[in-house]
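A.B. asks: My questions concern the predicted model and sequence given below.
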Amino acid sequence: LDSDGLRLYFGALGLTEEELVALSGAHDLGRHVTLLDMPKSCLKNLTRECLENAPVMMPFVSEEPDKLSNTYFRKLLKWYDRKVELGEVAFIPTDVAMVVDAGLRKHVQKFAKDEKSFFASFASA
């Protein structure tokens, strides 16, 4: 989804722009499997066993993928300023859509500066 799609989808659920940005902050949590160093046999036939035994489970964004924080928003702004290192973050298109859209970016900026505000908006959403 692009930013208009995000607004339509979350708006249909009765959420504001601020709330949709706040809920996206959950992307701060969790890990993903990297395909780096995966055996070629697994790359040709990606099975559940290959994924479960993947050589590396990397956080999407945060160095602390089990703790909710405003790191996601700070990293989005760092990406927007073209200051992230290769492999530092693993954003999906909806993450990027929020920071390139000026209307949504103002909420990203607010949450990057004020973690308490992020937590309050996340909880109320």
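C.D. replies: Done, it's in.
A.B. asks: How far does stretch 31-45 stretch from one end to the other?
C.D. replies: Between the start and the finish of stretch 31-45 there is a gap of 22 Å, counting by C-alpha to C-alpha, to the nearest Å.
A.B. asks: Let me see the ranges of the strands in the protein.
C.D. replies: Listed from the start of the chain, the chain has strands (DSSP state E) covering 31-33, 57-59.
A.B. asks: Now do the last one, average pLDDT.
C.D. replies: Mean pLDDT, computed over strand 57-59, is 66.
A.B. asks: again, but for the first one
C.D. replies: Per-region confidence: strand 31-33 scores 69 on mean pLDDT.
A.B. asks: For residue 104, which non-adjacent residue is spatially closest?
C.D. replies: Of all residues not flanking residue 104 in the chain, residue 98 sits nearest, at 4.4 Å (C-beta to C-beta, 6 or more residues apart in numbering). C-beta coordinates here come from the backbone N, C-alpha and C atoms, glycine included.
A.B. asks: Verify the contact between the one you found and residue 24 for me.
C.D. replies: Yes: shown here, residue 98 and residue 24 form a contact pair, counting by C-beta atoms under 8 Å, at 6.3 Å.
A.B. asks: burial of the closest residue in space to residue 39 that isn't next to it in sequence, as a residue count?
C.D. replies: If the residues on either side of it in the chain are set aside, residue 39 comes closest to residue 50, at 7.7 Å by C-beta to C-beta, 6+ apart. By the measure other C-beta atoms under 10 Å, the count of residues near residue 50 is 17.
A.B. asks: With residue 70 instead?
C.D. replies: 22.
A.B. asks: Same check on the one 10 residues further on?
C.D. replies: Per other C-beta under 10 Å, the neighbour tally for residue 80 reads 16.
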